[in-house]
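*Asks:* below are the sequence and a predicted model; questions follow.
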Amino acid sequence: MNAAAIETYARQSPVMRPMREADLEAVMVVERRAYPYPWSIGIFRDCLFAGYPAWVLLEGGAFIGHGVLSLAADEAHVLNVCVDPARQGRGHGRRLLRAMVEAARGRGACRVFLEVRPSNPAAIALYQDEGFNEIGRRPRYYPADNGREDAIVMAMELL
């Protein structure tokens, strides 16, 4: 690669950084593209105000994903992992998830929890591949077109 190609690649390579309140409009664009029942901007704002670790993933200056984690005592909870549907399947969700797990580990968490829709097999496969195991179900947890959808509760023990 020549110098110009390296510089172009570096500009386009995904960059992860902490989420800021100024990011929320762009975060909402991705959130709305990815989910039929997206979080509200108020939920993101509340998470930031509460000090929850949150990240954005940018590629070529465009917002392509985000993640939010909560921490309490020795447990962490992945609250949101979202990648723009046009950029899914390229490892971006895995990168966000790994960053959250490492943040949890770095802050002394012994385990990490998350919920996932049974109708999202790609996410379930990612979480299993990263070491999460199903530990239960939350009935009628998610809104759905036909009423409510259960959540699969998954956990990972951090050693």
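*Replies:* Received the coordinates, thanks. Residues are numbered from 1 along each chain as shown.

*Asks:* which residues touch Asp129?
*Replies:* Under the criterion of Cβ atoms under 8 Å, 6 or more residues apart in numbering, the contact partners of Asp129 comprise Arg94. Using the backbone N, CA and C atoms, a C-beta is placed for each residue, glycine as well.

*Asks:* ugh, wrong one, Val56
*Replies:* By Cβ under 8 Å, 6+ apart, the residues touching Val56 are 16-19, 23, 26-27, 63, 65-66.

*Asks:* would you state the strands of the chain in chain order?
*Replies:* In order along the chain, the chain carries the following strands (DSSP state E): 15-18, 54-59, 62-72, 75-83, 111-116, 133-144, 147-157.

*Asks:* avg pLDDT for the fifth one?
*Replies:* Strand 111-116 shows a mean pLDDT of 98.

*Asks:* for that strand, packing partners?
*Replies:* Using 3 or more Cβ pairs under 8 Å, 6 or more residues apart in numbering; DSSP states H and E as the contact definition, the elements that strand 111-116 packs against are strand 75-83, helix 92-106, helix 121-129, strand 133-144, strand 147-157.

*Asks:* out of those, nearest to Leu58?
*Replies:* When the helices and strands packed on strand 111-116 are ranked by distance to Leu58, counting by Cβ to Cβ, first place goes to helix 92-106 at 10.6 Å.

*Asks:* what residues does that closest one touch?
*Replies:* The contact list for helix 92-106 (Cβ under 8 Å, 6+ apart) reads 14, 16, 53, 55, 57, 64-67, 69, 71, 76, 78, 81, 83, 112, 123, 126-127, 129-130, 156, 158.
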